[in-house]
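>>> model the following, please.
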Amino acid sequence: MSVIDDYLDAIKSPERKELERIRSIVKEVAPDAVEAISYRIPTFKVNGQPLLYFAVFKNHLSLFPTSRPIESLKDQLKDYKISKGAIQFTLDNPLSKKLIVELLKIRLDDIKRK
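Residues are numbered from 1 along each chain as shown. Okay, the predicted model is just below:
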């Protein structure tokens, strides 16, 4: 059982199901990513660097892939509320697997360059 399991145990379905879907995509794209809790939310790290954070909030879910992936894909994120480092979405308008994979690939490239 990982620290992310502890976080997810406190989340109700269907939000939990959505976070589990994201977790599974991350594991598929970055199988060596290490699960952790950082800033009190689930985090995946690669080479000690944050790959992706995700969390559930009262009225939305958020993905935190850092700023460059968001900036690179901002045209594809126009249906979501975004900030420099965060993407807010809902169960009614989730992020597609394709978009999550693209965000992850950009972030993995950033980590590889460091």
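
>>> which strand runs longest in the protein?
If you go by DSSP state E, the chain has its longest strand at strand 49-56.

>>> where in the protein is pLDDT low?
Residues of the chain meeting the criterion pLDDT under 70: 1.

>>> which residues of it fall in strands?
Under DSSP E, the chain gives strands at 34-38, 41-46, 49-56, 61-64, 81-82, 87-89.

>>> now do the longest one and strand 34-38, the angle between them.
Right, strand 49-56. Counting by axes from the mean of the first three to the mean of the last three Cα atoms, to 10 degrees, strand 49-56 points 60 degrees away from the direction of strand 34-38.

>>> name the strands paired with strand 49-56 and say parallel or antiparallel.
strand 41-46 (antiparallel), strand 61-64 (antiparallel) (DSSP bridges).

>>> in it, which of the residues would be classed as buried?
By neighbour count, with 16 or more other Cβ atoms under 10 Å as the criterion, the buried positions of strand 49-56 are 50-56. For glycine as for every other residue, the C-beta is placed from the backbone atoms N, C-alpha and C.

>>> distance from the chain centre to the longest helix along the chain, please.
Longest helix of the chain, by residue count under DSSP state H: helix 97-113. Mean-position distance between helix 97-113 and its chain equals 10 Å (Cα atoms, centre = their mean, to the nearest Å).

>>> how about the strands paired with strand 49-56 in TSV, adding mean neighbour count and distance to Asp9?
Output for the strands paired with strand 49-56, formatted as TSV (neighbours: other Cβ atoms under 10 Å; distance: least, Cβ to Cβ, whole Å):
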stretch	mean neighbour count	distance to Asp9
strand 41-46	21	12
strand 61-64	20	17
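
>>> adding distance to Lys112, write these out as TSV.
Below are those laid out as TSV (distance: least, Cβ to Cβ, whole Å):
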stretch	distance to Lys112
strand 41-46	9
strand 61-64	19
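
>>> out of these, flag the one nearest Leu73.
strand 61-64 (11.5 Å; Cβ to Cβ).
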